[in-house]
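K.L.:
give me coordinates for this.
(one chain, ligands or ions: 2)
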Amino acid sequence: MTKDSKKKAGAAQDYGCPYASRRDLLFGLAGAGGAFALRSGGAFAKDAPVSEPQKKTERADETSGRQVADAPSGSGNTRDRVPFYGEHQAGVITPRPATGIVASFDVVARDPEDLEQMFRKLTDRIAFLTQGGKVPQLDPKLPPADSGVLGPVIEPDNLTITVGLGNSLFENRPWLKPHKPKQLVRMPEFPNDALDADRSHGDLSLQFSANLLDTNIHALRDIVKNLPEFLVMRWMQEGDVPVIPPKPDGKTESARNFLGFHDGSANPDSNDAELMEEVIWVDEKDDEPEWAYGGTYQAVRIIRNFVERWDRTPLREQERIIGRKKNNGAPLDGGDRESEVPDYAADPDGKLTPLDAHIRLANPRTEKTRENLMLRRPFNYSNGVTKSGQLDQGLLFIAYQADLDKGFVTVQRRLDGEPLEEYIKPVGGGFFYVLPGVPEPGDYLGRSLIEAASKTSDDKPT
Ligand SMILES: C=CC1=C(C)c2cc3[nH]c(cc4nc(cc5[nH]c(cc1n2)c(C)c5CCC(=O)O)C(CCC(=O)O)=C4C)c(C)c3C=C
Ligand SMILES: [Fe+2]
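P.N.:
Ligands and ions are numbered 1, 2, ... in the order given. This next block holds a predicted model:
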């Protein structure tokens, strides 16, 4: 689609209703196929045997590091456990299980002591919920210790809970502001955005991911129940990704998004520790406060997909908008596997892969654009039906990078005005700084920040 025809199509479209009228919508739907793929949530047997993690399909590309088809992983066994203690928080480069939630909160903490108490409580709850154990039995005259959603024994179920801090947490507290990570800002409104205030920003983000959606819900309710004096919820978004078993040859493929395309074909390889140090984890190489080493920037975007419109778009056009084949995820310039690497240098005029195709803009694969890499860990979401009778579906886009400006912000700026925008509308999300991990029991999330902040408040004359 040309920019002109895109503008014309866009003229009749306000973001809530990409159809001129409800009647247009009904006609559109009548012509569209109605097949929906089965989703994964809830499909696991409680006592299924623990299986080997899926092997990933690798590809090598010097301009983009080692990349892999990023299949959701895990056996689906509720006893699967991701370690909590370590240099980095879990849930960033650990394999993405089938379901996720991002929840955003405002924080009630007036001084470093309050904030420390909140971090300590959060650490206790996350350590317990992610590692599992028995729920304490209390006197029945009291409210029960646990919601009971998972029964009397909490199985870890691959759960990770990843804590990030938003710009407003620092900006609204003079004693914390000097310690703000250098690139942490309130997420700006990009040209195609229509951010809903009720689904955007926040002081603190929690990313839950687990095999089962109920495990995330249980964990969220536990934290809401146990930290009422510190956390007030602003918004949350659930999502999931299908778990696709490996093929007979052992190869895996990435999950599909709600536009029907493989999503995750060209993600940096999260098993490549050197690449993760370069692309994801903040350390001495970055111009950031020392307390933040071991953390990373999280960009969350709730991106609605206009699926009715998309499903009435010719296949060839869909593929040229994305830059990959729909059936197998291969690049448009050849091959039949999503692991093939596109050769843009051999196609300078965009005859095979249009110059404004999503993947070509997102990653032009030059020496220079290697610095714009990020790790995407998205989920699909389905929120029912809008008031105007459309399916409210989309992508809960989550990306991690050590340099937010060079990563998400630069890539999003390159994508601004892309043909895909006719079919998508970012409606919420936020930028957060993911805290370093908790190295060992007894320590707590955010300790390095609290120590830095306490030092400056002690230094102040009274
Ligand atoms: C700013 C970053 C990005 C946003 C926002 C984004 C939204 C978005 N993407 C798809 C679908 C696909 N994206 C694909 C690849 C891809 N996307 C980004 C970045 C953003 N996408 C990157 C960096 C890449 C990798 C490019 C590369 O290295 O070749 C693909 C192809 C498969 C894949 O590689 O994952 C699809 C499909 C949608 C639908 C969407 C918003 C709703
Ligand atoms: Fe993308």
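K.L.:
roughly how far apart are the spatially closest residue to G323 that is not a sequence neighbour and ligand 1?
P.N.:
Nearest non-adjacent residue to G323, counting by C-beta to C-beta, 6 or more residues apart in numbering: A357, 3.1 Å away. (C-beta placed from N, C-alpha, C; glycine too.) Distance, A357 to ligand 1, using C-beta to the nearest ligand atom, to the nearest Å: 10 Å.
K.L.:
residues in contact with A357?
P.N.:
Neighbouring residues of A357 by C-beta atoms under 8 Å, 6 or more residues apart in numbering: 320-323, 332, 350.
K.L.:
among the residues you listed, the buried ones, what's the ChimeraX command?
P.N.:
Selection of buried members from the contacts of A357 for ChimeraX, criterion 16 or more other C-beta atoms under 10 Å:
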select :320,321,322,323,332
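K.L.:
and stretch 131-139, which residues are buried?
P.N.:
Buried residues in stretch 131-139 (16+ other C-beta under 10 Å): 132, 135.
K.L.:
okay, it in PDB with CA atoms only?
P.N.:
Included here for stretch 131-139 are C-alpha records, laid out as PDB according to Å, rounded to 0.1, in the frame of the first residue of the first chain:
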ATOM      1  CA  GLN A 131       9.700 -21.200  44.200                       C
ATOM      2  CA  GLY A 132       6.400 -22.700  45.600                       C
ATOM      3  CA  GLY A 133       5.500 -24.300  48.900                       C
ATOM      4  CA  LYS A 134       2.800 -25.000  51.300                       C
ATOM      5  CA  VAL A 135       0.200 -22.300  52.200                       C
ATOM      6  CA  PRO A 136       0.200 -21.700  56.000                       C
ATOM      7  CA  GLN A 137      -3.000 -22.700  57.700                       C
ATOM      8  CA  LEU A 138      -4.400 -20.000  59.900                       C
ATOM      9  CA  ASP A 139      -7.100 -19.800  62.500                       C
END
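K.L.:
of all the contacts of A357, which two lie farthest apart?
P.N.:
Distance extremes for those: the farthest pair is I322 and G350 at 13.8 Å, using C-beta to C-beta.
K.L.:
out of the contacts of A357, who's near ligand 1?
P.N.:
Applying C-beta under 6 Å from any ligand atom, the subset of these adjacent to ligand 1 comprises I322.
K.L.:
which of the contacts of A357 lies closest to ligand 1?
P.N.:
I322 (4.8 Å; C-beta to the nearest ligand atom).
K.L.:
contacting residues for the closest one?
P.N.:
Contacts of I322 (C-beta under 8 Å, 6+ apart): 259, 261, 357-359, 420.
K.L.:
from those, which land in helices?
P.N.:
Those of these mapping onto helices are 358-359, per DSSP state H.
K.L.:
from the contacts of I322, which is closest to S270?
P.N.:
The shortest gap between S270 and any of those belongs to I359, at 19.3 Å (C-beta to C-beta).
K.L.:
hmm, that closest one is touching R324, no?
P.N.:
Yes. Using C-beta atoms under 8 Å, I359 is in contact with R324, at 6.2 Å.
K.L.:
name the residues contacting each of the two.
P.N.:
By C-beta under 8 Å, 6+ apart, I359 and R324 have these common neighbours: P331.
K.L.:
these two: which has the busier surroundings?
P.N.:
Taking other C-beta atoms under 10 Å, I359 and R324 do not tie; R324 has more neighbours (26 against 19).
K.L.:
many thanks, we can stop here.
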